[in-house]
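**Student:** give me a model of this one.
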Amino acid sequence: MARLIVAGAAGRMGRILTSLIVQQPAHSLAGAVEAKGVKAVGSDAGEVAGVGTLNVRITEDYAAIATPDTVTLDFTNATASLEHLAIAAAKGAAIVIGSTGFTAEMEARARELAPRTRTLIAPNMSIGINVLIRLVSEAAKLLGGFDAEVLEIHHRTKIDAPSGTALALGRAVAAARGQDFQKAAVFGREGITGARPEGQIGVMALRGGDAVGDHTVIFAGQGERLELIHRTQSREALASGALKAAAWLEHQANGLYSIRDVLGL
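**Tutor:** Sure thing, here's the model as predicted:
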């Protein structure tokens, strides 16, 4: 039985994770964490998630509960996740990170810390999205002369743009074509832009309403267009993927892994 810690236990993803853990006998909730000052600190994690009393109190002190026999599920934010990763690495605790919005410097720090314990970092834990990334890579190779564009829409409260998943899709196109994504990518167009440069990869972000997350990759050629689309209808898709990742990660050696390792993609 995997002993799981939920970071950001009072947030939307945290509550969903807690409710799913309760439903699956293969997992147990070993701890719950929130940021200092959050009202839910000290409350029962099950009651906060709406699944009844679990006798697991939400704490501010992650270091006190991170142990080698636990796996932490972290969908907080880039800054908090990096702090939790540093603690997990020091304590030998496994950690699954689904946060996005990491800067280049933060990514470098994460790559430095991750191999010290069992770490899995993925911008999107959905099984369907990770199959999409694989398909996009194959399509990019086969459609070398087609223009590639990535379009995503998320809810109005998402704080980073473009999404980590959109960036992953853009990077998949670039890798398949032997390009440097940072040089090929364009993140917005306005005014007299001129003709589209050869090899450019467009990544566009839309924000509005309560959209959980839709991603479309467009390959546009002469007289035809291929569109690959994934729509996330519920955050449970992300949570279910995270639980699958946690169960897998528990038995791995120290190292940095992705959800594609879990799925064998």
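
**Student:** which stretch of helix or strand covers Lys183?
**Tutor:** According to DSSP states H and E, Lys183 maps onto helix 181-184.

**Student:** helices and strands around whichever helix or strand comes after that helix, which ones?
**Tutor:** The C-terminal neighbour of helix 181-184 among helices and strands, as given by DSSP H and E, is strand 185-186. In this structure, strand 185-186 packs against strand 201-207, with contacts taken as 3 or more C-beta pairs under 8 Å, 6 or more residues apart in numbering; DSSP states H and E. Just so you know, the C-beta spots here come from the backbone N, C-alpha and C atoms, and that holds for glycine as well.

**Student:** do a quick rundown of the helices in the chain.
**Tutor:** Secondary structure of the chain (DSSP state H): helices at 12-23, 45-49, 78-91, 104-113, 127-142, 164-176, 181-184, 236-249, 259-263.

**Student:** which residues touch the last one?
**Tutor:** Contacts to helix 259-263, defined as C-beta atoms under 8 Å, 6 or more residues apart in numbering, come from residues 120, 122, 124-125, 127, 130-131, 133-134, 241, 244-245, 248-249.

**Student:** which of the residues in that helix are buried?
**Tutor:** 259, 261-262 (16 or more other C-beta atoms under 10 Å).

**Student:** contacting residues around the residue positioned nearest the centre of the chain?
**Tutor:** Closest to where the C-alpha atoms of the chain average out (C-alpha atoms, centre = their mean) is Pro123, at 2.6 Å. For Pro123, the contact set (C-beta under 8 Å, 6+ apart) comprises 98, 100, 163-165, 167-168.

**Student:** separation between the closest residue to it other than its chain neighbours and Val71?
**Tutor:** Of all residues not flanking Pro123 in the chain, Gly164 sits nearest, at 2.9 Å (C-beta to C-beta, 6 or more residues apart in numbering). Taking C-beta to C-beta, to the nearest Å as the measure, Gly164 and Val71 are separated by 21 Å.

**Student:** quick one: which of those two has more around it?
**Tutor:** Val71 (26 against 19; other C-beta atoms under 10 Å).

**Student:** pretty sure the more buried one contacts Ala246?
**Tutor:** Yes. Checked against C-beta atoms under 8 Å, the pair Val71 and Ala246 is within contact range at 4.4 Å.

**Student:** count the residues that sit near Gly50.
**Tutor:** 9.

**Student:** so what's Gly42 up against?
**Tutor:** So Gly42 contacts 57-59 (C-beta under 8 Å, 6+ apart).

**Student:** which parts of the protein belong to which domain?
**Tutor:** 2-121+235-263, 127-232 (automatic domain parsing).

**Student:** just name the most buried of the ones you listed.
**Tutor:** domain 2-121+235-263 (a mean of 19; mean count of other C-beta atoms under 10 Å).

**Student:** now do it, average pLDDT.
**Tutor:** Average pLDDT, domain 2-121+235-263: 95.

**Student:** same question, stretch 139-158
**Tutor:** Throughout stretch 139-158, pLDDT has a mean value of 96.

**Student:** chain neighbours aside, what residue packs nearest to Asp74?
**Tutor:** Excluding the flanking residues, the one nearest Asp74 by C-beta to C-beta, 6+ apart is Ala7, at 4.1 Å.

**Student:** okay, the one you found and Ala88: tell me how far apart.
**Tutor:** 10 Å.

**Student:** list the residues that contact both of those two?
**Tutor:** With C-beta under 8 Å, 6+ apart as the test, Ala7 and Ala88 both reach Thr72.
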